[in-house]
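Chemist: Everything below, folded, please.
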Amino acid sequence: MNNHDSHRRTHAHAHAVFDIQSVPWKDLVKHQRFETARELCLPLPWLLVAVVCGQHASAVGVTGLAQWGWIAAMGIAVIYVFMLGLRVAHNAFHGTLGLTRSGDHWVMGVISVMMLGSSHAINYTHMYHHKHCMEKGDVEGELATLPFWRALLKSPIYPVYIHIAALRDAPVMQKRWILAELAVSVLVQCVMLVWFESPVYVLYSLMMLVANLSAPMVGIWAVHRQCEAAPVDARSCRSRVINFLTCGMFYHAEHHLFPAVPTRHLAELAKRIDATGVRFLGVTEFG
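Modeler: Numbering: from 1, shown residues only. Predicted structure coming up:
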């Protein structure tokens with residue numbers, strides 16, 4: 001059984017037919033060392049920008065519009081730390097970083113501290129989501145079944161919901177990773193907030209919290225809603241601007257169909273799918 005046979009599911013609704021074998025994809029799975037290194041470093045420049053902007057925002061004598069400008073710039077940087085951190089962790093979930101499995105686990109651990117949560121908790125619910133997308137028990141996909149306003153109200157508690165589900169249902173070893181990541185995240189926060197008394201870290205923590213609470217609307221609801229007529233329960237995007245701004249994270253249908261392909265190669269995969277002449281995803285067009 002290949003990586004994609006395991007993701008074929010039986011649904012109550014009928015999906016459009018799409019022949020996966022018509023798309024060449026196996027060459028896109030290959031890794032080069034520089035690609036792995038580049039992928040791992042993606043969040044770091046934005047983390048540095050966030051710290052520098054935070055320092056300017058909290059500097060003595062900086063007030064008014066200037067201060068709010070630095071805070072806004074820091075907010076944008078934190079959004080990209082979150083988004084690129086999630087991209088790296090997500091590739092670690094699927095083993096597409098070019099590392100050993102042990103290396104993937106440690107990457108998830110580091111990203112957990114950076115993003116103030118447990119990547120292994122998300123890993124558990126996400127892999128279940130791939131195997132049983134939008135079916136009963138799919139904790140991650142459940143949000144996409146709700147109307148917009150109900151999903152918006154539930155979004156802030158969704159990260160907690162995912163952590164609880166993972167701690168309840170995950171294998172013992174994964175639960176140990178989750179508990180360790182949460183413990184280290186709390187420890188690092190205490191050190192930064194109490195020992196260093198850093199206003200920059202207070203800002204960072206608050207902004208990262210907002211990113212975590214709002215992400216489910218973008219990363220779950222927006223990409224999985226109303227996909228009954230598509231071959232897979234996910235949406236995609238063909239806007240170069242949107243895909244650039246979102247770091248390639250909106251090639252979501254391609255990812256569900258070919259989860260072994262790393263994020264960095266999904267744009268090429270999308271071109272190959274489009275070349276078959278199939279408009280199969282209910283593709284979201286932003287121009």
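
Chemist: Verify the stated contact: V62 with W70.
Modeler: Yes. Counting by Cβ atoms under 8 Å, W70 is a contact partner of V62 at 6.8 Å. The C-beta positions use only the backbone N, C-alpha and C, and glycine is treated the same way.

Chemist: At which residues are the helices of the stretch 151-287 of the chain located?
Modeler: Under the criterion DSSP state H, counting those that start in this stretch, the stretch 151-287 of the chain carries helices at the ranges 158-169, 172-190, 199-216, 222-224, 240-245, 252-257, 266-275.

Chemist: more neighbours, V62 and W70?
Modeler: Neighbours were counted for V62 and for W70 using other Cβ atoms under 10 Å; W70 has more, 20 against 15.

Chemist: before we move on, the earlier item: can you list residues touching both of V62 and W70?
Modeler: H56 (Cβ atoms under 8 Å, 6 or more residues apart in numbering).

Chemist: For this structure, which residue occupies the most central location?
Modeler: Geometric centre of the chain, nearest residue: L86, 3.9 Å, by Cα atoms, centre = their mean.

Chemist: what secondary structure does that one sit in?
Modeler: helix (DSSP: H, G, I helix; E, B strand; the rest coil).

Chemist: how much space between V184 and G109?
Modeler: 8 Å (Cβ to Cβ, to the nearest Å).

Chemist: Those two: who's more crowded?
Modeler: Legend: neighbour count by other Cβ under 10 Å for V184 and G109, higher for G109 (20 against 15).

Chemist: so the more buried one makes contact with S119?
Modeler: Yes. Using Cβ under 8 Å, G109 is in contact with S119, at 7.2 Å.

Chemist: hey, what's in contact with both of the two?
Modeler: E181.

Chemist: these two touch, right, Q174 and A165?
Modeler: No. In this structure, Q174 is not within contact of A165 by Cβ under 8 Å, at 11.9 Å.

Chemist: Now do the shared contacts for the two.
Modeler: Joint contacts of Q174 and A165 (Cβ under 8 Å, 6+ apart) are Y124.

Chemist: Point out where the stretch 1-150 of the chain drops to low pLDDT.
Modeler: Along the stretch 1-150 of the chain, the parts satisfying pLDDT under 70 run over 1-19, 60.

Chemist: the helices in it, which residues?
Modeler: 33-41, 43-57, 64-93, 101-115, 119-131, 148-154.

Chemist: can you give me the offset of the shortest one from its chain's centre?
Modeler: Spelled out, that is helix 148-154. Relative to the mean C-alpha coordinate of its chain, helix 148-154 is positioned 19 Å out (Cα atoms, centre = their mean, to the nearest Å).

Chemist: Please apply the same query to stretch 100-112.
Modeler: Relative to its chain's centre, stretch 100-112 lies at 15 Å (Cα atoms, centre = their mean).

Chemist: neighbouring contacts of that stretch?
Modeler: With contact meaning Cβ under 8 Å, 6+ apart, stretch 100-112 is reached by 40, 43, 85-86, 88-89, 92-93, 95, 97, 99, 118-120, 123, 177, 180-182, 184-185.
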